[in-house]
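S.K.: below are the sequence and a predicted model; questions follow.
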Amino acid sequence: MASGLGRRLMVFCGQSYPELGEEIAENLGIALGKVKLSHFSNGEIYVRYGESVRGTDAFIVQTLCQPINDNLIELLIMVDALKRASAARISAVIPHYGYARQDKKTAAREPITAKLVADLLMTAGINRVLTMDLHAGQIQGFFNAPVDHLTALPILAFYFAERKFDKLVVVSPDVGRVKVAKKFADKLQGGLAILHKSRPAHNIVEVSQVIGDIEGKTCVMIDDMVDTAGTLVTGAETLISQGAKEVYACATHPILSGPAIERLDKSPIKELVVTNTLPVPAEKRIGKIRMLSIAQLFAQAIRNVHEDQSVSDLFEGENA
């Protein structure tokens, strides 16, 4: 597949999530590019592309999941190898952008690691980034290159619209997600409620009150990620205790670390709907978890970038 400028499209995949890379390539109607990825005996990563990439429009699919540091370094080395092999343009396709929660200083002597990751990618030689539902939109400004910020909102909204719930209320887990929750509520023609929460320590959540009418209604909590599931589970328990009929939850990134699965299994959440921006091992796919694919959406975004067409049009301009 060649762009208007005659560049050949090539898609490569790192070792973080090969199944997603294959699914994206299949939706594009092409085969994944050949690349050898291995380790030296001391753990150092080796990369060599198995075919010419000179003058190509190259996309590397690498989500930042555990082991996140290894996957990040592998991505940087893959970019460097493409640059040194004379690829015309190098785009990093990062469905889940690691270290996104460290986007600002909240206490003295802290790092801004989300910016550091952006600097590393720029130094390695990327020309563009495609990612999805950043924890903080301002991370786009950390790059001195175009960032196509995709959103899973249409996919999640379509799923819940098909359920045709009566008396639906979309619940934002905190004030920072209100804008997204409002868009989601508008798509589902439902009400809006907000949880007022605090974090006394990392991965510890306290919900003090619910703002909005949830009495006797079906609540759908929406967040960008589920890590230890403390926010969603505590929020669901609060909603039920204050009169909600039932609680569903959805999020783009299923990190599901630590006690997340045990918490979700024992929680009043009827169903957690997530996307496949991150791999979820079989042992974590309990009955409450429903996974939706974002491969077709990323494939269309890659195609539009390659053909110099708008990516925002895929989301009616709501992907800022």
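M.R.: Arrived safely.
S.K.: so what's the residue nearest to the spatial centre of the chain up against?
M.R.: With distances taken as CA atoms, centre = their mean, residue 96 lies nearest the centre of the chain, 3.8 Å away. Residue 96 makes contact with 63, 64, 65, 131, 132, 225, 253, 255, 277, 278, according to CB atoms under 8 Å, 6 or more residues apart in numbering. All C-beta atoms are positioned from the backbone trio N, CA, C, and that covers glycine.
S.K.: do residue 276 as well
M.R.: 20, 291, 292, 293, 294, 295.
S.K.: beta partners for the second one?
M.R.: Looking back up the chat, that one is residue 291. residue 274 (DSSP bridges).
S.K.: mean confidence score for the longest helix along the chain?
M.R.: When the chain is parsed with DSSP state H, its longest helix is helix 68-84. For helix 68-84, mean pLDDT rounds to 98.
S.K.: elements contacting that helix?
M.R.: strand 35-39, strand 45-49, strand 57-61, strand 89-94, helix 113-124 (3 or more CB pairs under 8 Å, 6 or more residues apart in numbering; DSSP states H and E).
S.K.: quick one: which of the ones you listed is nearest residue 210?
M.R.: helix 113-124 (30.2 Å; CB to CB).
S.K.: next SSE downstream of that closest one?
M.R.: Counting by DSSP states H and E, the next helix or strand C-terminal to helix 113-124 is strand 128-132.
S.K.: that next one pairs with which strands, parallel or anti?
M.R.: In the sheet, strand 128-132 lines up with strand 89-94 (parallel), strand 147-150 (parallel) (DSSP bridges).
S.K.: now stretch 62-81: buried residues?
M.R.: Judged by neighbour count using 16 or more other CB atoms under 10 Å, the buried positions of stretch 62-81 are 62-65, 68, 71-72, 74-79, 81.
S.K.: mind listing the strands for the protein?
M.R.: For the chain, applying DSSP state E gives strands covering 9-13, 35-39, 45-49, 57-61, 89-94, 128-132, 147-150, 168-172, 191-201, 204-211, 218-226, 246-254, 269-275, 289-292.
S.K.: turn those strands into TSV, including mean neighbour count and mean pLDDT.
M.R.: Compiled in TSV, those are given as follows (neighbours: other CB atoms under 10 Å; pLDDT from 0 to 100):
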stretch	mean neighbour count	mean pLDDT
strand 9-13	24	98
strand 35-39	13	97
strand 45-49	16	98
strand 57-61	27	98
strand 89-94	25	98
strand 128-132	22	98
strand 147-150	21	97
strand 168-172	26	96
strand 191-201	15	78
strand 204-211	15	71
strand 218-226	24	97
strand 246-254	25	98
strand 269-275	21	98
strand 289-292	16	98
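S.K.: can you put those strands in CSV and add distance to residue 303?
M.R.: Compiled in CSV, these are given as follows (distance: least, CB to CB, whole Å):
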stretch, distance to residue 303
strand 9-13, 8
strand 35-39, 21
strand 45-49, 22
strand 57-61, 10
strand 89-94, 12
strand 128-132, 11
strand 147-150, 12
strand 168-172, 31
strand 191-201, 35
strand 204-211, 40
strand 218-226, 25
strand 246-254, 21
strand 269-275, 19
strand 289-292, 20
